[in-house]
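>>> sequence and computational prediction follow.
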Amino acid sequence: ELMEDPNKWGLRRPEQSADVFLESITNSVRQYDMTLSQEQAFTKVINHRLQIIWGPPGSGKTHFLALTILRFIDILCSLSHKGKGQGPHTIVLTAHTHTAINNLVARVARLHEEIAPHMGSEHLIRPLTIYRLKDPSSTQVKGVIYVEPMDLAKLQRQPQGDGNDDVMLMIDEGSQLLAADAIHAIECLDPERGRLIVAGDHLQLGPIILGDYPASEQPTDPTGSIMKNLMRKKNNTPNRQLGTFLQKIYGPNYQVQNPSKSLPFSGEFRGSSFPGEIRRILDPDRSAVCIELQLTNDKTCQEAIKVRSDPRAAAYLEAVFVAGIVEFYLEMVGKNTATSLFVAVPHHIQRLAILDKIQLPELEKKYPLAEIKVDTTEKMQGQEADLVVVCFALFDDFMLVNELAYLYSVHRWIVALSRAR
C-alpha cells in the first residue's frame, strides 16, 4: 500500500499525535533550537506517517534526523510524567552504507551530550543508549531480536514482545538506498501505526545497479531509490505534500563567503620540505583549487605511453601527487590541531594506489588529532571535512570509454565537491 500510493499512506494522522504535537509547541524548552524549515519538518513528522526530508549538500538533513530523535524521545518522556504515556516506542535507523549509519549514530550521541545538560529539565532526561548489534552473545538487549544478514527477511512482521510497540523508521541518504532493499526494513512497520522518515538528495548519487533491467511497467521502480519511489503520487506525478525542503545551508556555501576560515593553522607550520606547486595549492586565501595533471605530448616518451596504457600506472602518478598534498597539509596544521581530511575517488584502482602511497597508519600515529579518510565517493556521501581532495585524473582510454558515464556522473561530482565543510 505504501509503495503503490505513498500519498494516501503518508497523510494518515498517527494515533495520539495530538498530544505529541501540543507538547512540542507549548513547551519552548523542547524546541532544540531548530531553524524555521526544521521546525516545519518536525511538525509534519509528528502529524504524518510519512515525511521526505530533502535539500542540497550541507543543508543539515542528518543533523535534523538526530535532533528529531532526541526531541521526540524527550517529548515522550515529558508526556509519560504527565500521565499521558504513549506506550513503548522503537526508533530504527538505517542507510545504504555502514558509514552513513555510523555518521547518524555519532551525530545523535554528540548532540545528546551537548543538549542534555542545558535543557533545564534534568529530571526528564534519561541516559541515551544506542545499541549496535554484532554478536548476539555479547550484548543481551530486552526486546531485541538478532538476525544474521542472510536472514534479513525474517525481520518482517516479527512480534515485538507485547505487540504494542510503535516503530519509527528513519532512512538517511535515501537517494542511495535501493527500493528493493528498503522494503526489508519497511516491512517491520506496523501497517496502521508505523512512521517512516526518509532524508536525502535526489540530485546526489543514486543506487548503483549492475546490469541492465527493463523499464518498470508500474509506477513503482524496483531499481530506483526508495526516495525516488516515495516522492510521487499514485498517478506517478511529483508529490509535494509529503516533502520538506531544508533551507538553511551549513556547508560549502557559507564557507565560500568566509575563505579565511576554511583551513586551520598552527604555530609550528614550516612547510619548507615540499615543492612550491603544493604550497600554492594549499594557499589559505583560496577556498577551491583545480589542478590539471597533463602528460607530455611527446609520442615517443615511454613514461607517458605506459601511463596511457596502464590504469595502475596512471593511478600511481596521481597518488604521488595526492600524497604530497596530504602530507603537506598535515604538516601545515600541525600535530596539536584537530582537523579532518578526505580523499574522494571514483574508482577503487585510485583508492588502492593512494592508500599504498600515503601510508595511512604512520600518518595517523604522527597526527593523532587528524581524521584521514581515503575512499570512493559513495562512501563519502553525508560527511564533511576541512580539506577534500577529489581525484579524477584518469588517463586510461579503455577505462574512460567504457566507464565514462559512471566516473563522470554529475551526481558523483556534486557529492565529491560538496564534502568540503
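Looks like it arrived, so ask away.

>>> for the stretch 201-350 of the chain, what spans make up the strands?
Assigned by DSSP state E, counting those that start in this stretch, the stretch 201-350 of the chain shows strands spanning 243-245, 339-345.

>>> ranges for the strands of the stretch 1-150 of the chain?
Shown for the stretch 1-150 of the chain, the strands assigned by DSSP E, counting those that start in this stretch span residues 50-54, 89-94.

>>> which of these comes out lowest on mean pLDDT?
Summarising mean pLDDT across the strands of the stretch 1-150 of the chain, the least confident stretch is strand 89-94, with a mean of 85.

>>> direction included, what does that strand pair up with?
strand 166-171 (parallel) (DSSP bridges).

>>> what angle do strand 50-54 and the partner strand make with each other?
Between the axes of strand 166-171 and strand 50-54, defined by axes from the mean of the first three to the mean of the last three C-alpha atoms, to 10 degrees, the angle is 30 degrees.

>>> so for strand 166-171, what gets flagged as buried?
Within strand 166-171, the residues that count as buried by 16 or more other C-beta atoms under 10 Å are 166-171. In short, each C-beta sits where N, CA and C put it, glycine included.

>>> quick one on the thing from earlier: ok, which of the strands of the stretch 201-350 of the chain comes nearest A182?
For the strands of the stretch 201-350 of the chain, the distance to A182 is smallest for strand 243-245, at 16.9 Å, taking C-beta to C-beta.

>>> against which helices or strands is that closest one packed?
In terms of contacts (3 or more C-beta pairs under 8 Å, 6 or more residues apart in numbering; DSSP states H and E), strand 243-245 is packed against helix 36-47, strand 50-54.

>>> off-centre distance for that strand?
17 Å (C-alpha atoms, centre = their mean, to the nearest Å).

>>> and for stretch 74-84?
31 Å.

>>> average pLDDT for it, rounded please.
Stretch 74-84 shows a mean pLDDT of 79 in the predicted model.

>>> alpha carbons of it, as CSV, please.
C-alpha atoms of stretch 74-84 as CSV (Å, rounded to 0.1, in the frame of the first residue of the first chain):
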residue,chain,number,x,y,z
ASP,A,74,12.2,14.0,25.2
ILE,A,75,8.5,14.7,24.4
LEU,A,76,7.5,11.1,25.0
CYS,A,77,9.3,11.3,28.4
SER,A,78,7.5,14.5,29.3
LEU,A,79,4.1,13.1,28.4
SER,A,80,4.8,10.0,30.4
HIS,A,81,5.5,12.1,33.5
LYS,A,82,2.2,13.9,32.9
GLY,A,83,0.2,10.7,32.8
LYS,A,84,-0.2,10.8,29.0
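
>>> start the count at 21, not 1, going forward
In the new count, where the first residue is 21, that last one comes out as stretch 94-104.

>>> in it, which residues are buried?
Within stretch 94-104, the residues that qualify as buried by neighbour count (16+ other C-beta under 10 Å) are 94-99.

>>> so who does the residue nearest to S429 when sequence neighbours are not counted touch?
Distances taken as C-beta to C-beta, 6 or more residues apart in numbering place L225 nearest to S429, at 7.6 Å, with adjacent residues excluded. By C-beta atoms under 8 Å, 6 or more residues apart in numbering, the contact list for L225 reads 195-196, 397-398, 401, 429, 431-432, 435.

>>> run the last query once more with 10 Å
With contact taken as C-beta atoms under 10 Å, 6 or more residues apart in numbering, L225 is in contact with 116, 193, 195-196, 245, 397-398, 400-401, 429, 431-432, 434-436.

>>> and the pLDDT at it?
Looking at L225, its pLDDT stands at 76.

>>> gap between it and L31?
Distance check for L225 against L31: by C-beta to C-beta, to the nearest Å, it reads 29 Å.

>>> ditto for T110
When C-beta to C-beta is applied, the distance between T110 and L31 equals 23 Å.

>>> R127 against L85, yeah?
Yes. Under the criterion of C-beta atoms under 10 Å, R127 is in contact with L85, at a separation of 7.7 Å.

>>> returning to that earlier point: could you look over the strands of the stretch 21-170 of the chain and pick the most buried one?
Neighbour counts (mean count of other C-beta atoms under 10 Å) averaged over each of the strands of the stretch 21-170 of the chain peak at strand 70-74, with a mean of 26.

>>> could you point out which of the strands of the stretch 21-170 of the chain sits nearest R213?
The closest approach between R213 and any of the strands of the stretch 21-170 of the chain, judged by C-beta to C-beta, belongs to strand 109-114 at 10.0 Å.

>>> what does the closest one contact?
Counting contacts by C-beta under 10 Å, 6+ apart, the residues outside strand 109-114 that touch it are 85-86, 88-89, 92-93, 96, 120-121, 124-125, 128, 150, 163-164, 175, 180, 185-194, 197, 201-202, 204-206, 208-209, 214-217.

>>> please identify the buried residues of the helix or strand hosting K377?
With the criterion set as DSSP states H and E, the secondary-structure element containing K377 is helix 368-378. For helix 368-378, the neighbour count (16+ other C-beta under 10 Å) marks 369-371, 373-374, 377-378 as buried.

>>> tell me the one of these nearest G103?
Proximity of these to G103 (C-beta to C-beta) peaks at R371, which lies at 56.1 Å.

>>> wait, that closest one sits on A364?
Yes. With contact defined as C-beta under 10 Å, R371 and A364 form a contacting pair (9.4 Å).

>>> overlap in contacts, the two.
Common neighbours of R371 and A364 (C-beta under 10 Å, 6+ apart) are 394-396, 399, 411.

>>> now, which of those lie within strands?
When DSSP state E is applied, these are split such that 394-396 fall in strands.
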